[in-house]
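Participant: Sequence and predicted model, in that order:
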Amino acid sequence: MNKMKRILTIVLTLALIVTMMPMNLTNVNAKSTTRLSSKKIVLQVGKTKKLKVKNKPAGVKVVWKSSKKKVATVSKKGKVKAKKPGKTTITAKVGKKKYKCKVIVKRKNSIKVTKPSDNNNSVINQVTTKSEPSQIVTTKAEVKTTKTETTKKNDSTTVKPTVAPTTVAPTAKPTVAPTTKAISTTAVPATVKKTTVKKTTVKATAKKLSSNKVKLSVKKVAGASKYSVQISTTKNFKKVVAKKTSKKAVFTVKSKKLKGKKKLYVRVKVYKKVNGKTVASQWSKATKIRVKK
């Protein structure tokens, strides 16, 4: 019997040891596993937070990376900085394994409203942004003065003071103008006027039928930097045979294609410099060139 008891006790102790072993191993593994200090963080724009790799193996470098650098960036040491509202994922590469942390970036709280305080029937609402000023109402109590009545009885005068009851007007409830929260609005840029250059006209033209030269005279425009002309055989200028740009209003256009042409049309465009930029006018009306034999 004693041997059986000893065997049973040994078996029970061994069973207890076996059941306790996995628990201790799992606890040790949980403490020694490599992981990030946070799996999810929420930051406001401009704020920072440092992430750490816990239980990092010795001699292994950590490479940090952000999936959206416009939303949040991360330094070589794991410092996360919020840039723009949105969501991104910070990845820490430790050896061949990767550990991720979700980052949510929110806007800054731009409006702060303080609670109203009641003192002596006056209400003052204070708002950090611009709002309508509150009204302070004060009421005055009406008090009637006392009067004395004199009565004469048997040549003896007695004075009876009569006091009228004082009436106090009920205090009016303070009326407060509703405070409106200021909404931040971006400044609207002023409308920029388009700079336009007035069109000019062709004053005089001359060409001989056998010549390849056309003499032109353009109406001068004040401040013009140059004049550009086109010569075509059609009025709609689908077939341009010659063109030239000149700083002067009187000039000559040369081209072999002009020789022997009876019908020619010319149009002109003016160029000006406005605020350092060159602005062009629209084309003038088509003018027929006088061709002499």
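Facilitator: Now that the structure is in, tell me what you want to look at.
Participant: Am I right that Met4 is in a helix?
Facilitator: Yes. Assessed with DSSP: H, G, I helix; E, B strand; the rest coil, Met4 lies in a helix.
Participant: Give me the neighbour count for it.
Facilitator: Neighbours of Met4 under the rule other CB atoms under 10 Å: 8. C-betas here are computed from N, CA, C, even on glycine.
Participant: Could you pull out the helices in the protein for me?
Facilitator: According to DSSP state H, the chain carries its helices in the segments 2-32.
Participant: what about it, any weak spots by pLDDT?
Facilitator: Low-confidence segments of the chain (pLDDT under 70): 1, 20-31, 110-194.
Participant: residues in contact with Ser232?
Facilitator: Lys238, Lys239, Val240, Val241, Leu264, Tyr265, Val266, Arg267, Ala286 (CB atoms under 8 Å, 6 or more residues apart in numbering).
Participant: Of these, which qualify as buried by neighbour count?
Facilitator: Val241, Leu264, Tyr265, Val266, Arg267 (16 or more other CB atoms under 10 Å).
Participant: Among those residues, which one sits closest to Ser225?
Facilitator: Distance to Ser225, by CB to CB, is smallest for Arg267 among the buried ones among the contacts of Ser232, at 18.5 Å.
Participant: Looks like the closest one contacts Tyr227 (just checking).
Facilitator: No. Under the criterion of CB atoms under 8 Å, Arg267 makes no contact with Tyr227, lying 11.0 Å away.
Participant: quick one on the thing from earlier: max pairwise distance over the contacts of Ser232: which two?
Facilitator: Among these, Lys238 and Val266 lie farthest apart (CB to CB), at 14.7 Å.
Participant: Which positions in stretch 48-61 come out as buried?
Facilitator: Buried residues in stretch 48-61 (16+ other CB under 10 Å): Lys49, Leu51, Val53.
Participant: could I get these as CSV with distance to Thr73?
Facilitator: Output for the buried residues of stretch 48-61, formatted as CSV (distance: CB to CB, whole Å):
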residue, distance to Thr73
Lys49, 12
Leu51, 12
Val53, 18
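Participant: just curious, which of those residues is nearest to Ala82?
Facilitator: Lys49 (8.5 Å).
Participant: measure the closest one to Lys247 for me?
Facilitator: Lys49 sits 65 Å away from Lys247, going by CB to CB, to the nearest Å.
Participant: burial measure for Ala72, as a count.
Facilitator: That count, for Ala72 with other CB under 10 Å as the rule, works out to 27.
Participant: Tell me the bridge partners for it.
Facilitator: Ala82 (DSSP bridges).
Participant: Could you do Val94 as well?
Facilitator: Val62, Lys97.
Participant: how near is it to Ile17?
Facilitator: 35 Å.
Participant: Who has more neighbours out of those two?
Facilitator: Val94 (18 against 9).
Participant: Surely that one is in contact with Val53?
Facilitator: Yes. In this structure, Val94 is within contact of Val53 by CB under 8 Å, at 5.9 Å.
Participant: what residues are shared contacts of those two?
Facilitator: Thr34, Val62.
Participant: Thr278 is in contact with Lys272, isn't it?
Facilitator: Yes. Thr278 is in contact with Lys272 according to CB under 8 Å; the separation is 7.2 Å.
Participant: what is in contact with the two at once?
Facilitator: Ser225.
Participant: between those two, which one's more packed in?
Facilitator: Lys272 (19 against 11).
Participant: Now do the more buried one against Tyr227, distance only.
Facilitator: On the measure of CB to CB, Lys272 and Tyr227 end up 11 Å apart.
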